[in-house]
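Student: Any chance you can model this:
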Amino acid sequence: MNLNQIAYTLGILGTVIILIWVGLFKFTAVEAGAIKGLVENHFAMGWMYKVMSVQVVSNVIGVFEVFTGVGLLFSLFYRKIGIYAGAASAVIFITTLSFLITTPGVFKMVEGFPVTDFFILKDIPYLAISLMVYAKSKG
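Tutor: Coordinates of the predicted model:
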């Protein structure tokens, strides 16, 4: 296994850990409440609170994240799964990054410097890994 393959595998495994860990955390009331402000202001997701409770919305998102994480793991062994898992994880991370635009008050000024909820910015490299999985799986 060469360094490029080791780095690729490490990137996938790190993304898998984050998706499964954060996805499972979505099943808690604390996380369901924490994401409400992000989700309810999103043009493509806000409608969910009209038909589901705060916890059920969080659970649905969690299921999608966990299944996507498992799919990325299996993409290491089954190339075709990577097409779907790479695309699904790209959707997750694009959506999360779009919260920077759709959530009011997400940027604040601290001592004249713009800051945001930096946990969202971690999704930039995860998006890159998602796109790499998709591209590699397509052949």
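Student: For this protein, which segments count as helices?
Tutor: Using DSSP state H, the helices found in the chain span residues 3-25, 29-40, 48-51, 54-75, 79-102, 123-138.
Student: Could I get the ones you listed in JSON lines, plus columns for mean neighbour count, mean pLDDT and distance to V110?
Tutor: Yep, even glycine has a C-beta here, placed from its N, CA and C like the rest. Formatted as JSON lines, these follow (neighbours: other CB atoms under 10 Å; pLDDT from 0 to 100; distance: least, CB to CB, whole Å):
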{"stretch": "helix 3-25", "mean neighbour count": "16", "mean pLDDT": "97", "distance to V110": "26"}
{"stretch": "helix 29-40", "mean neighbour count": "16", "mean pLDDT": "97", "distance to V110": "19"}
{"stretch": "helix 48-51", "mean neighbour count": "12", "mean pLDDT": "98", "distance to V110": "30"}
{"stretch": "helix 54-75", "mean neighbour count": "19", "mean pLDDT": "98", "distance to V110": "29"}
{"stretch": "helix 79-102", "mean neighbour count": "19", "mean pLDDT": "96", "distance to V110": "16"}
{"stretch": "helix 123-138", "mean neighbour count": "18", "mean pLDDT": "96", "distance to V110": "21"}
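Student: Please tabulate these in JSON lines, including the columns distance to M109.
Tutor: Formatted as JSON lines, these follow (distance: least, CB to CB, whole Å):
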{"stretch": "helix 3-25", "distance to M109": "28"}
{"stretch": "helix 29-40", "distance to M109": "19"}
{"stretch": "helix 48-51", "distance to M109": "30"}
{"stretch": "helix 54-75", "distance to M109": "30"}
{"stretch": "helix 79-102", "distance to M109": "15"}
{"stretch": "helix 123-138", "distance to M109": "22"}
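Student: among those, which is nearest P114?
Tutor: Closest of those to P114 is helix 79-102, at 11.1 Å (criterion: CB to CB).
Student: how distant is that closest one from the center of its chain?
Tutor: Offset of helix 79-102 from its chain centre (CA atoms, centre = their mean, to the nearest Å): 6 Å.
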